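Colleague: Make a model of this:
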Amino acid sequence: MTTTTLAVLVPLLPFLGAAAGLLLGRTAPGYVRPLAVLPTLVGAVLAVVVAARQGGGPAIDAATRLTPTGSVPIDLALHLDGFAVLVAVLVGLVATCVQIYSTGYLRDDPRYPSYAALVSLFTAAMLLVVYSGDLMVLMVGWEIMGICSYFLVGHYWETPEARAASLKAFLVTKLGDVPFLIGLFALAADTGTFRITGILGAVANGGLDHPTVIALLLLAGVAGKSAQFPLHTWLPDAMAGPTPVSALIHAATMVAAGIYFVARLLPVFAESGAALVVLAVMAAVTMIGSGLAALAQDDIKRVLAYSTIGQLGYMSGALAVGDRGAAVFHLLSHGAFKAVLFLAAGVVIHAAGTNSLAAMSRMGGLAKRIPDAYWTMTVALLALAAIPPFAGFFSKEAVLVAAEHTALGDRHVAPAAAGWTVLVAGLLAAVLTAAYATRLWLLAFRGRGAEVPDHGRQPVAMTAVLWVLAIPTIAFGLTVGVITDWFDGHSLTPTVTTAVLSTGVALVGGLVTYAAWRHTTALAARTPVGAVVAHPDAEPALVEAEAMTHHTAGYGDTPGTPDPADPGRLLLGPLHHHAATGFHLDALYTKLFVRPVQAAASLVRFLDREVVDTYVRGSGTGARLLGTAVRRAQTGNVQTYLSALLAGSLVLAIAAVVFATVNAGS
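Modeller: Okay, the predicted model is just below:
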């Protein structure tokens, strides 16, 4: 079987599994789990075979014309280069682990059949994006992922949070997709094709007439899909969905699609230095802002959500300095350890038997009760904090090395300003990443909150996949010297300067957070039950609210009460409240966009009801009155009719005489 045939089967199998799962979900529920797991598993195995056959060599292209369009043709095309085949392996691996994990996590959920089918469809759509060689076909997978995320985030539609989160995710990403689609059409108009190879060839020959406009339009869609500032606000709220969905979205689909798209078309963006600077600034704001926000969150899944936003910022930063190898390398390593983090968080939530104990301040006694989640999450947090020799260290180093080379002028793909922006922001974000990773580990596993109820051992389907994904989390970075063929032969090895700087600042961030935790723990131990521990600069209203909350229960001594030893509040000080709310961006967008749109809708409704409906009602009333008048004239009396006829004839005769007289006189 040829490599292209195998590549076609990779997205096709999960798609067929989704279709079969939807058809048989009610009539043959016993087939739902096999249909969810096996097609995705076989697709993942085939993706590995395709990657091995491609071997980092020349790209493999195959295409067939879908239909004549009369202008720019649309082809059903495959483009298999080193980046595509490796990302497909990541998608297949994570999706398979999520499907296996979900059989235990949602084993009692009555809507599991539709959930599993949507996860398979989600996987097929992302694989279509990865392998597609035509931008219009890529756009199909892009939009299918959008609608799948809407349904999966809103899986628990009984809760208002899930309904609001699914709608918000859909609308915010669609807000970016509108200029994205315009950018695709403009790109095709300039180059005369939707084929990726044709576009890159035209760019190499100087055939792009409007690079800055096109790049900025495309970046709007990327910002929405990959949750970059300022269109990132949907991702933390999307945590209202099932935790396995969060793992899939954050690790291998949806948010990875935007980064992968820019990596595929990086020469288009590299034609505009202004666009690369904009991307660098966007990445810098995203990295630092999300790090501060993660340090202030109490919900474990929201911490991980802001963490994803920040790590995507690193990938965007690598693209801003023109290094797609570093961006995709970090995408791959991040996919492994972020999947571990979310699935381990799901074990924590599942062990508690409820989503309510996702608050880290209310956790305690977890290390011994769920050892699989404890150890794998510890490894994944070390990778997130970029501590050597874990995968996150090598991939984050690749980003910083690329930024360093651009800043110092050793690489001229992007302006030096973009390099300095990404390098400085990346080092600051490294401090914040280590800080919130340390805080998460301390609060979740060493906290003084209420102990999680003991529901016995977790299902093997949930714990086994954690160890499977922990393998690339530990070892993937060590393959940096082996996989260079898949990355255009570009070296991804770290340099001494960036390695010492990034590791040093990460250790500082972790140690300072640990010291702050020890300080707040000692302070809490000396605080009487019912008293409130707060930072001296905390807002008085917030302190009063906490006093009302804790007056009746105390800290950590009653089940369900929070642990006051939160180093995030001490480290952030007066900034904590703003960071906890995401720096009020949702409130700002509500004032700038939501309320004006609602006011305009109210005005349109008023005009429709009071103006348009008035004319409609008036015409009906006029017709009714005319009908009443005509009806009254129909008396049924023949003498009345004859009298009216004679009177009318007389009036007409007089009018005719008058008209004739006037004409004769003139």
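Colleague: For the chain, give me the ranges with low pLDDT.
Modeller: Scanning the chain for pLDDT under 70 picks out the ranges 352-357, 364-365, 448-456, 527-564, 666.
Colleague: Going by residue numbers, what spans are strands in it?
Modeller: 60-67, 74-80 (DSSP state E).
Colleague: Which stretch among these is buried most, on average?
Modeller: Greatest average neighbour count among those goes to strand 74-80 (a mean of 21), per mean count of other CB atoms under 10 Å. In short, each C-beta sits where N, CA and C put it, glycine included.
Colleague: So what touches it?
Modeller: Contacts to strand 74-80, defined as CB atoms under 8 Å, 6 or more residues apart in numbering, come from residues 3-4, 7-8, 50, 54, 59-67, 131-134, 136-137, 194-197.
Colleague: Can I get it in PDB, CA atoms only?
Modeller: In PDB, the C-alpha atoms belonging to strand 74-80 read as follows (Å, rounded to 0.1, in the frame of the first residue of the first chain):
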ATOM      1  CA  ILE A  74      -9.700  23.500  -5.500                       C
ATOM      2  CA  ASP A  75      -7.800  20.200  -5.200                       C
ATOM      3  CA  LEU A  76      -8.100  17.300  -2.800                       C
ATOM      4  CA  ALA A  77      -4.400  17.400  -2.100                       C
ATOM      5  CA  LEU A  78      -2.000  15.800   0.400                       C
ATOM      6  CA  HIS A  79       1.300  17.500   1.400                       C
ATOM      7  CA  LEU A  80       3.400  15.200   3.600                       C
END
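Colleague: quick one: that strand to strand 60-67, angle?
Modeller: 170 degrees (axes from the mean of the first three to the mean of the last three CA atoms, to 10 degrees).
Colleague: Now the residue nearest to the spatial centre of the chain: closest residue in space that isn't a chain neighbour?
Modeller: Residue closest to the mean C-alpha point of the chain, counted by CA atoms, centre = their mean, is Val255 at 4.4 Å. What sits nearest to Val255 in space, not counting adjacent residues and going by CB to CB, 6 or more residues apart in numbering, is Ser226, at 4.9 Å.
Colleague: do Leu366 as well
Modeller: Phe445 (5.2 Å).
Colleague: Repeat that for Ala274.
Modeller: Thr212 (5.3 Å).
Colleague: do His405 as well
Modeller: Arg411 (4.3 Å).
Colleague: go on, Leu423?
Modeller: Closest to Leu423 by CB to CB, 6+ apart is Ala403, at 3.9 Å.
Colleague: still on that earlier bit, you'd agree the residue nearest to Leu366 is up against Ala367?
Modeller: Yes. Shown here, Phe445 and Ala367 form a contact pair, counting by CB atoms under 8 Å, at 4.8 Å.
Colleague: Mutual contacts of those two, please.
Modeller: What both Phe445 and Ala367 touch, as defined by CB under 8 Å, 6+ apart, is the set Tyr374.
Colleague: In terms of neighbours, single out the busier of these two.
Modeller: Using other CB atoms under 10 Å as the criterion, Phe445 and Ala367 rank with Phe445 on top: 20 against 15.
Colleague: Could I get the contacting residues of that one?
Modeller: Contact analysis of Phe445 by CB under 8 Å, 6+ apart lists Met363, Leu366, Ala367, Tyr374, Thr378.
Colleague: gap between it and Ile471?
Modeller: As judged by CB to CB, to the nearest Å, Phe445 and Ile471 stand 22 Å apart.
Colleague: Same check on Ile214?
Modeller: 41 Å.
Colleague: Neighbour count: those two, which is higher?
Modeller: More crowded of Ile214 and Ile471, by other CB under 10 Å: Ile214, with 27 against 12.
Colleague: Would you mind measuring from Arg569 to Ala336?
Modeller: Distance from Arg569 to Ala336, by CB to CB: 31 Å.
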